[in-house]
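Asker: Okay, here's the prediction I keep looking at, along with the sequence it came from:
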There are 2 protein chains.
Amino acid sequence: MSASQSVDATAPSGPCLDGRDDDALVARWRELLDRHARTTGALEKVLQERHQLGVSEFEVLERLAGCDREQNRMQALADTVHLSQSALSRLIGRLEADGLVSRSMCSDDRRGIFACLTPAGRERYEAARPTQRQLLAELLND
Amino acid sequence: MSASQSVDATAPSGPCLDGRDDDALVARWRELLDRHARTTGALEKVLQERHQLGVSEFEVLERLAGCDREQNRMQALADTVHLSQSALSRLIGRLEADGLVSRSMCSDDRRGIFACLTPAGRERYEAARPTQRQLLAELLND
DNA sequence: GCACAAAGGTTGCGCATGCATGTAGTGTCT
DNA sequence: AGACACTACATGCATGCGCAACCTTTGTGC
């Protein structure tokens, strides 16, 4: 899928000012969109039907599993998975409702809240990880 | 399968038991997520506030501007921008409501529908393109 | 101690998306 | 022609997201 002929969006009615760099840039952009869409799409599907997890849910679990110290502030978590605070708050709510994480208040800063993996959460994550890794290997290696 | 703590996704330089490939894979995955989130986020914001366009809207306009022949079937369009058929239908609906595209029925296949840029649509796209290209250049070149 | 601004998190709301379904047109087989 | 499967769009519905408003806690200045 090269960008050899159809990318020149200025085709008939515009002077093509910076054509070649532009084409390369757009090609990279589309490559990124393509790859992202394919990967998240497939991942979403397989993680959902085999582990009842969405992509964002899995990513959060992975972050939590990575450092299972109580250092998982909501805000920091939101940043690492690129979600708004509200989205992350509800996501954690869902995971908590499923018994996969638990919210625990922080002692020294009473407005901060830590999200921690429960044993069930860790188990679910460990089970889902190979699935995700395999798909990643398939879709990211080309 | 010792899967107790070998992912150490956030550990700085931990000894990886079963996964150097794994770490590299995950790193690439996160790089992809990162780049995508940053770019779409910034793009969404700037395109919205300066041209009243979303990222998907812009992408569709670009595809339409690319080949302004009447060969833009809804389904094909949906595929190229990675949207479901329903999402694209509504998106075209919005663009049509804004007067940026028009739906025209196809003569030889009466269930097929072509989406075409209106002059206003082309104008809007031409105006938005430099904005998008500049941001792409900033965020994709590293 | 008492305002007042700012930060962390939650909730109300509108919107875009995907899935499932509905409707219309096409092609095939009998 | 009539029945059937299939394709192309549109639409009802549920869900997840971001923005803005809100509440609580912290820190700063008086």
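Answerer: The structure has been received and is ready for your questions.
Asker: longest single helix anywhere in chain A?
Answerer: Of all segments of type helix in chain A, defined using DSSP state H, the longest is helix A:19-51.
Asker: Tell me the residues on chain A that lie near DNA strand D, please.
Answerer: Residues of chain A lying near DNA strand D by C-beta under 7 Å from any atom of the strand: A:54, A:56, A:82-87, A:90-91, A:94, A:109-111. All C-beta atoms are positioned from the backbone trio N, CA, C, and that covers glycine.
Asker: Give me the angle between the longest helix of chain A and helix B:20-51.
Answerer: Here the directions of helix A:19-51 and helix B:20-51 differ by 120 degrees (axes from the mean of the first three to the mean of the last three C-alpha atoms, to 10 degrees).
Asker: Name the pair among the residues of chain A next to DNA strand D with the greatest separation in space.
Answerer: A:Gly54 and A:Arg110 (30.6 Å; C-beta to C-beta).
Asker: Report the rounded mean pLDDT for stretch A:112-123.
Answerer: Stretch A:112-123 shows a mean pLDDT of 95.
Asker: Quick check: buried residues in that stretch?
Answerer: Residues A:113-118, A:121-122 are the ones in stretch A:112-123 that count as buried (16 or more other C-beta atoms under 10 Å in any protein chain shown).
Asker: Span of that stretch from start to end?
Answerer: Using C-alpha to C-alpha, to the nearest Å, the end-to-end distance of stretch A:112-123 comes to 26 Å.
Asker: Quick one: check it for contact with chain B.
Answerer: No: judged by C-beta under 8 Å from any C-beta of the partner chain, stretch A:112-123 makes no contact with chain B; its nearest approach is 9.1 Å.
Asker: what's in contact with that stretch?
Answerer: A:60-61, A:64-65, A:68, A:70-74, A:77, A:92, A:95, A:99-106, A:125 (C-beta atoms under 8 Å, 6 or more residues apart in numbering or on different chains).
Asker: give me the low-pLDDT residue ranges for chain A?
Answerer: Applying pLDDT under 70 to chain A picks out residues A:1-17, A:68-70.
Asker: Around DNA strand C, which positions in it sit nearby?
Answerer: A:45, A:73-75, A:85-86, A:89-90, A:92-93, A:103, A:109, A:111-113.
Asker: again, 10 Å this time
Answerer: A:37, A:40-41, A:44-45, A:48, A:72-79, A:84-93, A:96, A:103, A:105-106, A:109-115 (C-beta under 10 Å from any atom of the strand).
Asker: and those residues, which of them are in helices?
Answerer: Going by DSSP H, the helices hold A:37, A:40-41, A:44-45, A:48, A:74-79, A:85-93, A:96 from the residues of chain A next to DNA strand C.
Asker: Buried among the residues you listed? Need that as a selection in PyMOL.
Answerer: Burial among those is assessed by 16+ other C-beta under 10 Å; the matching PyMOL selection reads:
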select buried, chain A and resi 40+74+77+78+88+89+91+92
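Asker: The residue nearest to A:Thr40 when sequence neighbours are not counted: what's it in contact with?
Answerer: Residue nearest to A:Thr40 in three dimensions, not counting chain neighbours: A:Val55, with 5.5 Å by C-beta to C-beta, 6 or more residues apart in numbering or on different chains. Taking C-beta under 8 Å, 6+ apart, we find A:Val55 in contact with A:40, A:43-44, A:47.
Asker: Does the nearest residue to A:Asp34 once chain neighbours are set aside belong to a helix, a strand or coil?
Answerer: Leaving aside its chain neighbours, A:Asp34 sits nearest to B:His82 (7.3 Å; criterion: C-beta to C-beta, 6+ apart). Secondary structure for B:His82, judged by DSSP: H, G, I helix; E, B strand; the rest coil, is coil.
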